[in-house]
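> below is the sequence, then the predicted model.
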Amino acid sequence: MTTTTLAVLVPLLPFLGAAAGLLLGRTAPGFVRPLAVLPTLAALVLAVLVASRQGGGRAVDAATELTPTGSVPVELALHIDGFAALVAVLVGTVATCVQIYSTGYLRDDPRYPSYAALVSLFTSAMFLVVYSGDLMVLLVGWEIMGICSYFLVGHYWETPEARAASLKAFLVTKLGDVPFLIGLLALATEAGSFRITKILGAVANGSLDHPTLIALLLLAGVAGKSAQFPLHTWLPDAMAGPTPVSALIHAATMVAAGVYFVARLLPLFEASRAAMVVLAVMAAVTMVGSALAALAQDDIKRVLAYSTIGQLGYMTGALAAGDRGAAVFHLLTHGAFKALLFLAAGVIIHAAGTNSLAAMSRMHNLRDRVPDAYWTMSVALLALAAIPPFSGFFSKESVLGVAEHVATGHTEHAPGAAGWTVLVAGLITALLTAAYATRLWLLAFRGRGAEAPDHGRQPVVMNAVLWVLAIPSLALGGLAFRLLPDWFDGRDLTPTLTTSVLGTGVALIGGIVTYATWRHTTAFAARIPLGAVAAHPEGDAARVEAEAIASHEPAYGDVASAPDPSDPGRLLLGPLHRHAAAGFHLDAVYTTLFVRPVQAGASLVRFLDREVVDTYVRGAGALPRWLGGAVRRAQTGNVQTYVSALLAGTVVLAVAAVLVATGA
């Protein structure tokens, strides 16, 4: 079987599994789980075969035009280089783990058949994005993922949070997709093709007249899909969906699509220095802002959501520095450890039997309750914090290294300002990432919140998946920089001394300071009745302590609902904590700037329609109706009346004729 045939089957198998799962979900429920797992697993095996045959060498290209579409043809095309081959393996691995994990996590969910089918369709769409060599076909997968995310985020549609989150995710990403589509059409018009290879050839030849405008339009779609500032606000709210969905969206699909798209067309963005600077600023703001927000969140899934936004900022930062190898390298390692983090969080939630335990301030020493999640999540958090030798260290150092390379003027692929912006923001984010990773670990596994009831051990498949993902979270970075340089355009992935020391140093500082703060707040909080903190969850510790000591009893008796007073995030962020916890009020800003004006405009249009347009319509109908009524009254059916009217009319006409004749 040829490589092209294998590549076609990779997205096709999950699609067929999704269709079969939807058809048989009600009539033959026993087939639902095999149809969810086996096609995705088969697609993973085929993706591995495609990667082994491609081998990081020359790209595999194939295309066929099914029907003429006008001046710019749309083709079913494949373009599989080393990046595409590796990303497809990541997608297949995470999707397979999510499907296996979901058989235990959602084993009692009555809507599991539709859920599993949508996950398979989601996976198929991402495979299509990865392998497609035609931008219009890529757009099909891009939009299918948006539809699937809408349904999966809103899986628990009975809750208003899930309904609002699904709608928000759909609308915000579509807001970016509109200029994205315009950019694609403009790009194809100037390049004369939607084929990626031909577009890159046109860029190399300088055939594009408006590269900056096109690049900025495309970046709007990337910002929406990959949750970059300012279109990132949908991703934290998307945590209302099932935890395995969060793992899939954050690790291998949806948000990775935007980064991968820019990596595919990086020469286009490099043709515009303004676009590269905009990309760098967007990455820097995203990294630092999301890390600060993560440090202030209480819900464990929202911490991980903001963490994903920040790590995607690293990837776009590497692209802003003109190095797609570093960006895709971090995409791969991040996919492994972020999937592990979300699925481990799912085990914690599952152990409590309720999603309410996702609030870290209410967790109580879970280490002994969920040992598998404890050890594997520890590995993933170390990878997230970029502590050597875990995988995140190598990929994050690769990003910092290329930024330092650009900042010092050793390359012309990107402006020096972009390099400095990414480097400084990356180091600040490394410190904050280690801080919120340490805080998450301490509150989740050593917290002193109220102890939840024990719901027993989790299904074996859930814990098994955690250990499977722990392997690449630990070893992928070290293996990749030694064994896979040919897959990354021949780039040397060996860590450099300067950025390794800086990155690891600030990460250690962030972790140590957070741990010391936690020890301090734990000792401080030990003197305070736990329920007293519930009275002032946003208040300063001194006031809480003073009121508790004065009253000698908790201000609120509901100790079970009290948050952990030893949360170091409040002390570390100080007065910034309240704003960071609210995502710096961007949703409120958007409501003021966009939502309310649109609502006001809609109200004005409704008023004009009802009171002005409808008035004219009613008036236009009233006059004929009045005339018709008058004529109807004249139709009495009395012959004498008709004859009298006829004679009167005759007399009037005769008089008029005489008057006219006399005047003549």
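Everything's here; your move. Numbering: from 1, shown residues only.
> residues near residue 516, how many?
When neighbours are defined as other Cβ atoms under 10 Å, residue 516 has 11 of them. C-beta here means a position set from N, CA and C on the backbone, and glycine is covered the same way.
> for it, helix, strand, or coil?
helix (DSSP: H, G, I helix; E, B strand; the rest coil).
> and residue 617, what element?
Taking DSSP states H and E as the definition, residue 617 sits inside helix 614-634.
> off-centre distance for that helix?
58 Å (Cα atoms, centre = their mean, to the nearest Å).
> just stretch 184-196 next, same as before
26 Å.
> in that stretch, which residues are buried?
Across stretch 184-196, burial judged by 16 or more other Cβ atoms under 10 Å covers 184, 185, 186, 187, 188, 190, 191, 193, 194, 195, 196.
> same list, the residues you listed, but as a markdown table with distance to residue 359 and pLDDT please.
Below are these laid out as a markdown table (distance: Cβ to Cβ, whole Å; pLDDT from 0 to 100):
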| residue | distance to residue 359 | pLDDT |
| --- | --- | --- |
| 184 | 42 | 96 |
| 185 | 46 | 94 |
| 186 | 47 | 95 |
| 187 | 46 | 95 |
| 188 | 48 | 94 |
| 190 | 51 | 93 |
| 191 | 51 | 93 |
| 193 | 52 | 91 |
| 194 | 47 | 93 |
| 195 | 50 | 94 |
| 196 | 45 | 95 |
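> ok now do residue 196, which residues does it touch?
By Cβ atoms under 8 Å, 6 or more residues apart in numbering, residue 196 lies in contact with 77, 79, 133, 134, 135, 264, 265.
> from those residues, which is closest to residue 378?
Of all these, residue 264 has the smallest distance to residue 378: 35.0 Å, by Cβ to Cβ.
> neighbours of that closest one, how many?
By the measure other Cβ under 10 Å, the count of residues near residue 264 is 24.
> for it, which non-adjacent residue is spatially closest?
Of all residues not flanking residue 264 in the chain, residue 196 sits nearest, at 6.1 Å (Cβ to Cβ, 6 or more residues apart in numbering).
> do the same with residue 44
Closest to residue 44 by Cβ to Cβ, 6+ apart is residue 92, at 3.2 Å.
> wait, that neighbour touches residue 49, no?
No: Residue 92 is not in contact with residue 49 according to Cβ atoms under 8 Å; the separation is 10.9 Å.
> who has more neighbours out of these two?
Neighbours were counted for residue 92 and for residue 49 using other Cβ under 10 Å; residue 92 has more, 28 against 16.
> where's that one, which helix or strand?
helix 82-105.
> that helix packs against which elements?
Helix 82-105 sits against helix 3-24, helix 32-54, helix 112-131, helix 243-251, helix 255-264, helix 324-352, helix 460-483, with contacts defined as 3 or more Cβ pairs under 8 Å, 6 or more residues apart in numbering; DSSP states H and E.
> tell me how far the fourth one is from the chain's mean position?
Right, the one you point to is helix 243-251. Centroid displacement of helix 243-251 relative to its chain, using Cα atoms, centre = their mean, is 10 Å.
> same check on the fifth one?
In terms of Cα atoms, centre = their mean, the centre of helix 255-264 is set 12 Å apart from its chain centre.
> what distance separates the following helix or strand past that helix from the middle of the whole chain?
Beyond helix 255-264 in the direction of the C-terminus, DSSP H and E gives the next helix or strand as helix 266-270. Relative to its parent chain, helix 266-270 has a centroid offset of 23 Å by Cα atoms, centre = their mean.
> what's next to helix 266-270, contact-wise?
Counting by Cβ under 8 Å, 6+ apart, 187, 199-200, 203-204, 208, 211, 214-215, 218-219, 262, 275-276, 279, 319, 322, 324, 413-414 sit against helix 266-270.
> which of those count as buried?
Here, 16+ other Cβ under 10 Å leaves 187, 199-200, 203, 208, 211, 214-215, 218-219, 262, 275-276, 279, 319, 322, 324, 413-414 buried among the contacts of helix 266-270.
> mind listing what residue 383 touches?
333, 336, 337, 390, 391, 392, 393, 473, 474, 477 are the contacts of residue 383 under Cβ under 8 Å, 6+ apart.
> could you identify the most distant pair in those?
Most distant of the contacts of residue 383, by Cβ to Cβ, are 336 and 393, 13.2 Å apart.
> more neighbours: which of these two?
The neighbour count for residue 336 versus residue 393, taken as other Cβ under 10 Å, is higher for residue 336 (29 against 23).
> how about the residue lying closest to the more buried one once chain neighbours are set aside, what does it touch?
Closest residue to residue 336 apart from its sequence neighbours, by Cβ to Cβ, 6+ apart: residue 472 at 3.9 Å. Applying Cβ under 8 Å, 6+ apart, one finds that residue 472 lies in contact with 93, 333, 336, 337, 391.
> hmm, the second one is touching residue 398, no?
No: using Cβ under 8 Å, residue 333 is not in contact with residue 398; the gap is 9.4 Å.
> these two: which is more packed in?
Higher neighbour count among residue 333 and residue 398: residue 398, with 31 against 27, using other Cβ under 10 Å.
> over to that one: give its phi and psi.
The phi and psi values for residue 398, taken as degrees, to the nearest 10, are phi -60, psi -40.
> that one is in contact with residue 331, isn't it?
No: judged on Cβ under 8 Å, residue 398 makes no contact with residue 331 at a distance of 11.2 Å.
> sorry, back to before: among the contacts of residue 196, which one sits closest to residue 310?
residue 264 (22.8 Å).
> and the pLDDT for the closest one?
Per-residue pLDDT puts residue 264 at 94.
> kindly report the same for residue 537.
With respect to pLDDT, residue 537 has a value of 41.
> shaky segments in the stretch 301-450 of the chain?
352-358, 364, 448-450 (pLDDT under 70).
> go ahead and measure how far stretch 198-214 is from the middle of the chain.
29 Å.
> contacting residues around the residue nearest to residue 36 when sequence neighbours are not counted?
Spatial nearest neighbour of residue 36, excluding adjacent residues (Cβ to Cβ, 6+ apart): residue 116 at 3.6 Å. Counting by Cβ under 8 Å, 6+ apart, residue 116 touches 21, 32, 33, 35, 36, 99, 102.
> what sits closest to the last one if chain neighbours are left out?
Distances taken as Cβ to Cβ, 6+ apart place residue 244 nearest to residue 102, at 4.7 Å, with adjacent residues excluded.
> quick check, the one you found in contact with residue 100.
No: with contact defined as Cβ under 8 Å, residue 244 does not count as touching residue 100 (9.6 Å).
> between those two, who's got more neighbours?
More neighbours surround residue 244 than the other of residue 244 and residue 100, with 27 against 21 (other Cβ under 10 Å).
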